[in-house]
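**Student:** The following comprises the amino acid sequence and a computationally predicted model.
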Amino acid sequence: MFTKDFSKAPRFGQGTHMFFGGTKYAGILAMIQLAFAWPRVARAMRRSAGYRGHFLWYRFPFTFGNISLWDTREHMMAFARSQQHLDAIAWLVKPGTATGAFVRLLKAYPEGHSIGVWRAEDDGEAWRQPQLPFQPTSRRERRSSGHEGRSGTG
């Protein structure tokens, strides 16, 4: 159900700014070095103001990435300017460490969707019958989308 109140969502679900990045490392030696460098960076990130959570992703054979969520862009950028992060970047750009990297900075719309225990509004069990933004509402829409006659759509 649509909402602008995510106060009952998990901490990371309350973040409004996201860092999404990935690095393709040069090989196994760089990956081993990363195993020693990452814990310091992660500790500093978790202690930073505005931090809401992070997730790591992996793509075979040598790519790791991070998705971190923040209260504001200013919080996210303050961490980016921290000594721990600057040291990690200095290591990353040395020859033999990485062959490529990308960073995307994303901002959430104020409105979103929540259901069940993560819903802040007190609307009982109404969340079990959601009106989804992508759900056809008219008979014509249902017919053109192929949903007419299916259980629960009309």
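**Tutor:** Good, I have the coordinates.
**Student:** List the buried residues for the helix ranked longest in the chain?
**Tutor:** Longest helix of the chain, by residue count under DSSP state H: helix 28-47. For helix 28-47, a neighbour-count test (16 or more other Cβ atoms under 10 Å) marks 30, 33-34, 37, 41, 44-45 as buried. In this view, the C-beta of every residue, glycine as well, is placed from N, C-alpha and C.
**Student:** What of stretch 1-9?
**Tutor:** Using 16+ other Cβ under 10 Å as the test for burial, stretch 1-9 gives 1, 3, 6, 9.
**Student:** If the residue nearest the centre of the chain is in a bridge, with which residues?
**Tutor:** Centroid-nearest residue in the chain, with Cα atoms, centre = their mean: Ile67, separated by 5.1 Å. Note on Ile67: beta-bridge partners Phe20, Phe55, judged by DSSP bridges.
**Student:** tell me which residues of the one helix or strand Thr23 maps to are tucked away?
**Tutor:** Following DSSP states H and E, one finds Thr23 within strand 17-25. The neighbour-count check on strand 17-25 (16+ other Cβ under 10 Å) flags 17-20, 22-25 as buried.
**Student:** ok, Ala98 - contacts?
**Tutor:** Shown in contact with Ala98 (Cβ atoms under 8 Å, 6 or more residues apart in numbering): 23-26, 30, 92.
**Student:** hmm, 10 Å instead?
**Tutor:** Ala98 is in contact with 23-26, 30, 34, 62-63, 91-92, counting by Cβ atoms under 10 Å, 6 or more residues apart in numbering.
**Student:** ok, now Trp91?
**Tutor:** 30, 33-34, 37, 41, 97-98.
**Student:** Is it possible to get CSV of those that adds pLDDT?
**Tutor:** Below are the contacts of Trp91 laid out as CSV (pLDDT from 0 to 100):
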residue, pLDDT
Ala30, 97
Gln33, 96
Leu34, 96
Ala37, 94
Val41, 96
Thr97, 97
Ala98, 98
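**Student:** which one among those gets closest to Ala78?
**Tutor:** Nearest to Ala78 among the contacts of Trp91 is Val41, at 14.3 Å by Cβ to Cβ.
**Student:** Now that closest one. Nearest residue, chain neighbours left out?
**Tutor:** Excluding the flanking residues, the one nearest Val41 by Cβ to Cβ, 6 or more residues apart in numbering is Ala88, at 4.9 Å.
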